[in-house]
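*Asks:* My questions concern the predicted model and sequence given below.
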Amino acid sequence: DTAVSQTPKYLVTQMGNDKSIKCEQNLGHDTMYWYKQDSKKFLKIMFSYNNKELIINETVPNRFSPKSPDKAHLNLHINSLELGDSAVYFCASSQEGSSDEQFFGPGTRLTVL
Amino acid sequence: AQKVTQAQTEISVVEKEDVTLDCVYETRDTTYYLFWYKQPPSGELVFLIRRNSFDEQNEISGRYSWNFQKSTSSFNFTITASQVVDSAVYFCALRRNAGGTSYGKLTFGQGTILTVHP
């Protein structure tokens, strides 16, 4: 069974378009995250939600809007895509108060042309 | 502010050599967690180890071992008798123990690209 899943795995789109990436976890965790990995492999937190509430927003442009319909899902919508948005986006989940590691999804490779 | 530094950008070794990946961190917290993740060429992030700041015992798991030294803020990772399948990007990461709006957030180092040649 997949613990953290993301769709799509690959996304190729034109500049200016709007796109969404979906994430689901079946681990029963209450906290979910979005990380961005740039072309130099650097991983940086973008957002974190705990029980559907936004708790971390790391200076991400307003064009990025996360949405958490329930604690098992955290979607990422990106408006007016720019070339610099090309990256791999990872979703992750964990249980607040637990020392356990974060479980990562397989990643979504976004390419903006 | 929290920071993780992996000074080695790339390491290249020949199979069966031992290799150590360095990780140095900065934090003002007295309690925290340290992690190592592996990212193979397939791209997923694979959890390797978690270490609580209270526990300075070194750990060994098969060919992998970790040396945590709080006095030097280092959490180094050694692969003994490296194999081609060890070729990957390895990330060290730091997480706060509890509390505050940054709770749970992982701060990653820049990653070390390890290439093991046959």
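*Replies:* Arrived safely, thanks for sending.
*Asks:* A:Ala3 versus the nearest residue in space to B:Gly104 that is not next to it in sequence, what's the distance?
*Replies:* Counting by CB to CB, 6 or more residues apart in numbering or on different chains, the nearest residue to B:Gly104 once its immediate chain neighbours are dropped is A:Thr31, at 5.5 Å. (Each C-beta comes from the backbone N, C-alpha and C, glycine too.) In this view, A:Thr31 and A:Ala3 are 14 Å apart by CB to CB, to the nearest Å.
*Asks:* Show me what counts as buried in stretch A:6-18.
*Replies:* Burial within stretch A:6-18, assessed by neighbour count using 16 or more other CB atoms under 10 Å in any protein chain shown, is assigned to A:6, A:11, A:13.
*Asks:* swap in stretch B:23-30?
*Replies:* Under 16+ other CB under 10 Å, the buried positions of stretch B:23-30 are B:23-25, B:27.
*Asks:* What is the burial count for B:Phe54?
*Replies:* By other CB atoms under 10 Å in any protein chain shown, 11 other residues sit near B:Phe54.
*Asks:* what pairs with the nearest residue to B:Ala1 once chain neighbours are set aside across the strands?
*Replies:* Distances taken as CB to CB, 6+ apart place B:Glu26 nearest to B:Ala1, at 7.5 Å, with adjacent residues excluded. When assigned by DSSP bridges, B:Glu26 has beta-bridge partners B:Lys3.
*Asks:* Need the residues that contact the lowest-mean-pLDDT helix or strand in chain B.
*Replies:* Taking mean pLDDT, DSSP states H and E as the measure, the helix or strand of chain B with the lowest value is strand B:59-61, at a mean of 88. Strand B:59-61 has contacts (CB atoms under 8 Å, 6 or more residues apart in numbering or on different chains) with B:49, B:51, B:65-66.
*Asks:* Swap in 6 Å and give it another go.
*Replies:* By CB atoms under 6 Å, 6 or more residues apart in numbering or on different chains, the surrounding residues in contact with strand B:59-61 are B:Trp66.
*Asks:* May I have the following helix or strand past it as PDB, with CA atoms only?
*Replies:* For strand B:59-61, the following helix or strand on the C-terminal side (DSSP states H and E) is strand B:64-69. Provided in PDB are the C-alpha atoms of strand B:64-69 (Å, rounded to 0.1, in the frame of the first residue of the first chain):
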ATOM      1  CA  TYR B  64      26.000   2.100   7.500                       C
ATOM      2  CA  SER B  65      27.100   3.800  10.700                       C
ATOM      3  CA  TRP B  66      26.500   7.300  12.100                       C
ATOM      4  CA  ASN B  67      28.600   9.300  14.400                       C
ATOM      5  CA  PHE B  68      26.700  12.000  16.400                       C
ATOM      6  CA  GLN B  69      28.900  14.500  18.300                       C
END
